[in-house]
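Student: The following block contains a protein sequence and its predicted model.
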Amino acid sequence: MLSLLKTSRRVCQSSVNIFHVSKVGTTSTTVIDRKPWKFSASSIVEAAPKSAQPYLRLMRADKPIGTWLLYWPCTWSISLAAAPGHLPNLYLLALFGTGAFLMRGAGCVINDFWDKDFDKKVERTKLRPLASGELSNFQGMVLLGGLLTTSLGILLQLNLLSIGLGFLSMIPVICYPLAKRYTHWPQSVLGLTFNYGAILGYTAATGDFNPAIVLPLYSAAFCWTMIYDTIYAHQDKDDDRLIGVKSTALRFGENTRLWLTGFSIPMISGLVMTGIYANQTWPYYLGITASGLHLMWQLTTVDTNNRDDCWKKFVSNQWIGRFILLGIIVGNLIKKEEKNN
C-alpha cells in the first residue's frame, strides 16, 4: 500500500511539468516552463511578425500610456458636447481614439528623428529603433508618411472648423522636439500639443467653438500635462544634464513638488469652471475631487530621484482621465432625470 502511494505521488509530480527527464549519470534533465500568456500592449507587439516589431516600437505601440493621455482630453470634450440625458457620440469617440493612436505614433517618429543622436547617449532610449540603427531613416520616413496620411483621412471625416484646427495642431507637434534644445520649458510645448483634443473634440461634436467651455478645459489639461510630463522627465534628468537637453525637471529641481502643486491649482480650477459653464451635475465634481486627491497622492509620494517610481506615478495619471470622463458621462445622464423631476 505504501509503495502504491509513493508511486502515485511520483506520477502526480511528474505531470506538473510539460517535459521532465531525470538526471541520472550522464542523462541530462530538460525542464520546460511555460508561463501563461498575458494580454498587454507589449505582448501584442512581441507576438507581431519580427519585421513589424521595430516599426511598432518606433511608434511606441508597446507603451500605450502616451496614446491614452492624448485621448482623454478628446473624450472629455466630446462627452461635454453630448445632449442632456444622452451618452457621448460613440462614433466620434472611436474616430478620435484611432486618431490619437496614429498621431501619437507620428509624434514619436518625428521626435525620434530629431533626437536620435541624443537618444544614443541616454540609457532609457539608446535601443530605440532609429537611435540603435535597427531601422533606417528611410524606413522611419515611410512609417511617418503612412501614419500622417491615415491621420489626415480621419481628420477629413470632421467638419470644416475641426479640419482647420487639426492642421494648426501640427505646428507644436513639429516644434516640441526642438524646444528641449533651447528652453527649460519643452513640457509647455507638449502641453499645447497633447491637449488639442480638448478643443477639437467639442468642435467636432457641435460644429461650434464655445470658449467658455473649451478654453478652461484646454487650460486645465495643459496644466495636467505640465504635471505628469515633468514627473516623466525626472527619469532622464541625469543624462539630460550631461548631454545638454533641457526640461522642467531640471528647471524645477528640488522645488518640483512646489511647482507641480502650483499647476494643480489652475488645473482643478479650470475643470470646475468648465463644469459650471457646461451645466454639469454632482458626479462631475465628484470626479474632480477624486482627481484632486489622486494628484495630492502623486505629489506627496513621488520620489523624483527614483526612475521606477517616476514611471509608476506618470502611468497612474490614467486614473485622472477615467475619473473626469466618468464624472462627465454620469453627470450628463443625470441632467435628464433632474429635468423630469
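Tutor: Right, received. Where do you want to start?
Student: And stretch 271-278, how far out from the chain middle?
Tutor: Mean-position distance between stretch 271-278 and its chain equals 24 Å (C-alpha atoms, centre = their mean, to the nearest Å).
Student: What are the buried residues along stretch 265-275?
Tutor: In terms of neighbour count (16 or more other C-beta atoms under 10 Å), stretch 265-275 has its buried residues at Pro266, Met267, Ile268, Gly270, Leu271, Val272, Met273, Thr274, Gly275. C-beta coordinates here come from the backbone N, C-alpha and C atoms, glycine included.
Student: likewise stretch 255-267?
Tutor: For stretch 255-267, by 16+ other C-beta under 10 Å, it's Thr256, Trp259, Leu260, Phe263, Ser264, Pro266, Met267.
Student: Sort out for me which of those residues are in helices.
Tutor: Among the buried residues of stretch 255-267, the residues falling in helices (DSSP state H) are Thr256, Trp259, Leu260, Phe263, Ser264, Pro266, Met267.
Student: can you pull the contacts of the nearest residue to the fifth one once chain neighbours are set aside?
Tutor: Leaving aside its chain neighbours, Ser264 sits nearest to Leu295 (5.0 Å; criterion: C-beta to C-beta, 6 or more residues apart in numbering). Shown here is Leu295, whose contacts under the criterion C-beta atoms under 8 Å, 6 or more residues apart in numbering are Ile227, Ser264, Met267, Ile268, Ile320.
Student: Most widely separated two among the buried residues of stretch 255-267?
Tutor: Thr256 and Pro266 (16.9 Å; C-beta to C-beta).
Student: closest to Thr183 among the buried residues of stretch 255-267?
Tutor: Trp259 (15.4 Å).
Student: quick one: that closest one from Cys223, how far?
Tutor: Distance of Trp259 to Cys223, given as C-beta to C-beta, to the nearest Å: 11 Å.
Student: Val109 now?
Tutor: 27 Å.
Student: Over to Phe138?
Tutor: 39 Å.
Student: Then Asp115?
Tutor: From Asp115 to Cys223 the distance is 25 Å (C-beta to C-beta).
Student: same for the helix or strand containing Gly153, what does it pack against?
Tutor: Using DSSP states H and E, the element containing Gly153 is helix 137-155. The contact analysis (3 or more C-beta pairs under 8 Å, 6 or more residues apart in numbering; DSSP states H and E) places helix 137-155 against helix 53-58, helix 90-119, helix 129-132, helix 160-168.
Student: For Asn111, give me its contacts.
Tutor: Asn111 neighbours (C-beta under 8 Å, 6+ apart): Tyr176, Pro177.
Student: want to throw the ones in helices among the buried residues of stretch 255-267 into TSV with distance to Ser77 and pLDDT?
Tutor: Converted to TSV, those look like this (distance: C-beta to C-beta, whole Å; pLDDT from 0 to 100):
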residue	distance to Ser77	pLDDT
Thr256	29	96
Trp259	27	97
Leu260	24	97
Phe263	20	97
Ser264	21	97
Pro266	18	97
Met267	16	98
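Student: Please settle this for me: is Ser51 part of a helix?
Tutor: No: under DSSP: H, G, I helix; E, B strand; the rest coil, Ser51 falls outside any helix and is assigned coil.
Student: for the chain, which residue is closest to the average position?
Tutor: With distances taken as C-alpha atoms, centre = their mean, the residue of the chain nearest its centroid is Gly66 (2.3 Å).
Student: contacting residues around Ile329?
Tutor: Ile329 touches Ser79, Ala82, Leu87, Pro88, counting by C-beta under 8 Å, 6+ apart.
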